[in-house]
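Undergrad: Everything below, folded, please.
(3 chains)
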Amino acid sequence: MRGYLFTRAWQSLLTLFLATAVVFLGIRALPGDPALALAGEDRSPEALAAIRAEYGLDQSVFVQFGRFAWNAVRGDLGTSTRTGVEVTAMLGTALPVTIELALLAILLATVLGVGAGTVAAVRRGRPAEWLANGLALIGLSVPHFWLGLVAILYLSVSTGLFPASGFVPFLDDPVANLHHIVLPVVILGTGLSAVIMRQTRSSMLDALGTDYVRTAKAKGLRPRAVIGRHALRNSLIVVVTIVGLQLGALISGAVVTEQIFGLPGFGKMTIDAVFQRDYPVIQAVVLVTATAYIGINFLVDLLYSLIDPRIRVGGAAA
Amino acid sequence: MTTTTTVPDRGRLLRRLRRNPLAVVSFVVLTLAVLVAVLSPWLAPYAPEATDFGRTFTPPGTPGHPLGTDDLGRDVLSRIMLGMRASLTVGVLAVATALVIGVPLGLAAGYFRACDAVISRLADLMLAFPFLILAVGLAAIRGASLANAAVAIGIAQIPGIIRVVRSDTLRLKSLDFVAASVVDGAGDLWILRRHVLPNATSVVLVQATVAIPAAILGEAVLSFLGLGIQPPDPSLGTMLATAQQFAARAPWSAILPGLAIMLLALAFNVFGDSLRDALDPKGSTR
Amino acid sequence: MSVLTVRDLSVVFRTETGPLSVVDKVDLSLDAGEIVGVVGESGCGKSVTAMSLTGLLPSSANVTGSAVLDGTELIGAPESVLRRVRGREVAYIFQEPMSSLNPVLTVGRQIGEVLRVHEGLKRRDARARAVELLALVGIPSPAHRVDNYPHQLSGGMRQRVMIAMAVACGPKVLVADEPTTALDVTVQAGILDVLRDLRERLGTSVLVITHDLGVIADIADRVLVMYAGRIVERAGVHDLFAAPRHHYTAGLLAASPVPGEHAGTHRLREIPGLVPVLVTQPDACTFAERCAAAEDDCRVQEPRLDPPGGSGHGAACWHPVRQRRGAAS
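TA: Below you'll find the predicted structure:
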């Protein structure tokens, strides 16, 4: 087990390093001079040189990368070339918004998806299955940002049930915070739930056809125990993978959702940074995304071993 | 190609599809949508960019503008028709990109053990990478356009294609007729082209059918964010972006384009599902 | 005294291509502490018969007839009644111990589950009983094994776990559906010993379903031979092997290797043709098409088990085998 953890940590660091390095070098290969963008009105050669010296842009990319990496390890991600604000401070305000949105959305998506998928599998060939399947197909086909627009139109603008945009930190006012985040969470969460539902349904159907489910029935267990303890637990192994793979969709979805609902989160920060060529912020964004990717994969592995003893016991060999 | 294949026979497939009302309905909707999209330059009652400042925000049902007009007095119906054309173009371009890159990689991963680890790991990495960040980056480097949006979406779909092609190749590789070819001394490339690829067609077809609606949704998101098709070119996504500002005054201009996207994507998804069911050898489920 | 009495049991599946009769007018009885074997080729309806007793078939199956367990009619009984019967009165052992055990739960938990649901034991007590049961079926160091997962056990041990699970509540009837088929020959004998031992100690009646005449010869007191959904011969185990009356049974014996002194001295013979699928119930002997002794009456009238009901030696055949074994066919 310890050997496995060691390999895992090693791979994670390598991934982190590679992702950061590729983006760092990639950005610098882009056409367009950031010093020019920073200079604003005064584009005299002296001013440009001063800016380059200030941001270390006059040195080779490798020196720049080395410095960036060293600073990053010490927890210093530089300052935004746009606003002059420290990047860590920007992340400090943006990340909690996105993490709250993402966690609540994935929670909602999992509950909805696993629930509906299980119902669809158990009630095979009955109206409940058709309903669940139909909703999942619509969920796959509907543009969720549009749903967000419609929701704002009818639930915020016309009726005033929910605020149309903005964010209140949870610690400032929990009620207002939740009130602001409900619609974004529902929009993002239902979008993700369609994929989870379809996966749950198909792996649940597989599980219901297995011999051990027949054994469970032959033991005289109630349907609830047969489904919950025996079938669902096994089909969750596949579902966990799918939920883990939703990370990309989750981040993409969060970007759009934040844009529509005017949430000052990580997604909005990303888009702004790219449009404004804000290098330090872009690098930080990539670093955070890669870390999240690694963290979630690790979490998925842990969940696996919680659900499936074959992995837990056999893990040391791998 | 004049290869002999063992693809599940076409007659049975068509029979099964015809028996399924959902398949028939979605196929009809798709055919109509494609016809409208292809013929939209001639079918549309107005030029999509034609403004009419005397008639802004006319509601649906107005004579001459069955679906109303937008903030610049442009005809919503005409713009939706041309927007669907753009959506389908991006969808097909993106999936074509994904297939061109993904199918060979999937074949290689499934057929050559040595390639498998590298390609599969790469696919896993890409799968978790947020496609929006990729699209944003591409737009930042090469400018926002229909083609760049299609490429970004296509790249995002590569891992999905690799996965299904790889697993089907693995399956086919273990079958007797492929083993027999190996015994006969056939080369790897010959086997891949003659035996594996033709038999993998059905899974690729199903995957493509469900990838197109995903691409259409992707285009809508990108254009909405200003990273895809640029105004004044009509796109369902940009229509929604402008409608967002006037949604309270002209709700139809925000609702109708979204419905059009949904209808298009739904038709593809339903047809893709029916196709998968019809191809499923166990499929006596419907 | 009969524990289980089955009369006229028929099972018809609804399929896309119309009704499919899989079990046809089956009679059987099981006395206390008796081991009855049901033998036949795969697809002859033996497993379906067993599953139908406690309503374990999918909803596409239509079960008719009667199965009385200690005075309780099971066919058509409400689900709540059947659920109390399953695992407590009638317990099952299945063919594949690997896939029949849940891979993500410890064996102790899976055994304890039966006790908790039927006897209301607390988790801790159920676990203690599970250890005892594992010892009962001959698993070494049961206190340790109780916390193992199925993949950590050998095939034979898994089947012993299945048996422990099945006898946990002291069922009146134990249905063993191909209990040894998936196991190595050396392990098979051990499993059969456990079944015999349990019958002695607990007085459980056992219904052994198998296609393997060797298993029948080894363990059964009485035998029912099943062919294409019908019981074609009923006999005590010695009578059956010594003097089969139905031509199918005779063919089956001729197709099986004989253990003992004559081993390897005679050629195995196959029965020509395939098992028919009963789509409708023909007014004929289902074996007629493959039977060398078939005459015209075999194809127009269905032979019934003779003598009906009872438990003596009988065969559903118009022209039963008269010769001694070996000269059959």
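Undergrad: ok, which residues in chain A are in contact with chain C?
TA: Applying CB under 8 Å from any CB of the partner chain, one finds that chain A approaches chain C through A:210-212, A:214-222, A:225, A:229-230, A:233-234, A:307-310, A:313. Using the backbone N, CA and C atoms, a C-beta is placed for each residue, glycine as well.
Undergrad: go again using 6 Å as the cut-off
TA: Residues of chain A lying near chain C by CB under 6 Å from any CB of the partner chain: A:211-212, A:215, A:217-221, A:230, A:233-234, A:308-310.
Undergrad: C:Ser29 - that's part of a helix, no?
TA: No. Counting by DSSP: H, G, I helix; E, B strand; the rest coil, one finds C:Ser29 to be strand, located in no helix.
Undergrad: so it makes contact with C:Thr5?
TA: Yes. Applying CB atoms under 6 Å as the test, C:Ser29 and C:Thr5 come out as touching, 4.9 Å apart.
Undergrad: what about whichever residue of the stretch 51-200 of chain C sits closest to chain B, distance to A:Gly125?
TA: Relative to chain B, the nearest point of the stretch 51-200 of chain C is C:Ser60 (11.5 Å; CB to the nearest CB). Between C:Ser60 and A:Gly125 the distance is 10 Å, computed by CB to CB, to the nearest Å.
Undergrad: Find residues that contact each of these two.
TA: Counting by CB atoms under 6 Å, 6 or more residues apart in numbering or on different chains, C:Ser60 and A:Gly125 have no common neighbour.
Undergrad: Tell me the helices and strands packed up against the strand or helix carrying C:Val81.
TA: Using DSSP states H and E, C:Val81 falls within helix C:79-85. Packed against helix C:79-85, as judged by 3 or more CB pairs under 6 Å, 6 or more residues apart in numbering or on different chains; DSSP states H and E, are no other helices or strands.
Undergrad: In whichever strand or helix holds B:Arg15, which residues are buried?
TA: Secondary structure assigned from DSSP H and E places B:Arg15 in helix B:10-19. Across helix B:10-19, burial judged by 16 or more other CB atoms under 10 Å in any protein chain shown covers B:Arg16, B:Leu17.
Undergrad: what does it contact?
TA: B:Ala23, B:Ala278.
Undergrad: What angle do helix B:10-19 and the helix or strand that it is followed by make with each other?
TA: Toward the C-terminus, helix B:10-19 is succeeded by helix B:21-43 as the next helix or strand (DSSP H and E). Calculated by axes from the mean of the first three to the mean of the last three CA atoms, to 10 degrees, helix B:21-43 forms an angle of 90 degrees with helix B:10-19.
Undergrad: list the buried ones in helix B:21-43?
TA: B:Leu22, B:Ala23, B:Ser26, B:Phe27, B:Val29, B:Leu30, B:Ala33, B:Val34, B:Val36, B:Ala37, B:Ser40.
Undergrad: just how off-centre is that helix within its chain?
TA: 14 Å (CA atoms, centre = their mean, to the nearest Å).
Undergrad: Check stretch B:95-106 too.
TA: Its chain's C-alpha centre and that of stretch B:95-106 lie 13 Å apart, by CA atoms, centre = their mean.
Undergrad: One more: stretch B:188-208?
TA: Using CA atoms, centre = their mean, the offset of stretch B:188-208 from its chain centre is 20 Å.
Undergrad: can it be found next to chain A?
TA: No. Counting by CB under 6 Å from any CB, chain A has no neighbours in stretch B:188-208; the shortest distance is 13.7 Å.
Undergrad: Straight-line length of that stretch, end to end?
TA: Stretch B:188-208 has an end-to-end distance of 26 Å (criterion: CA to CA, to the nearest Å).
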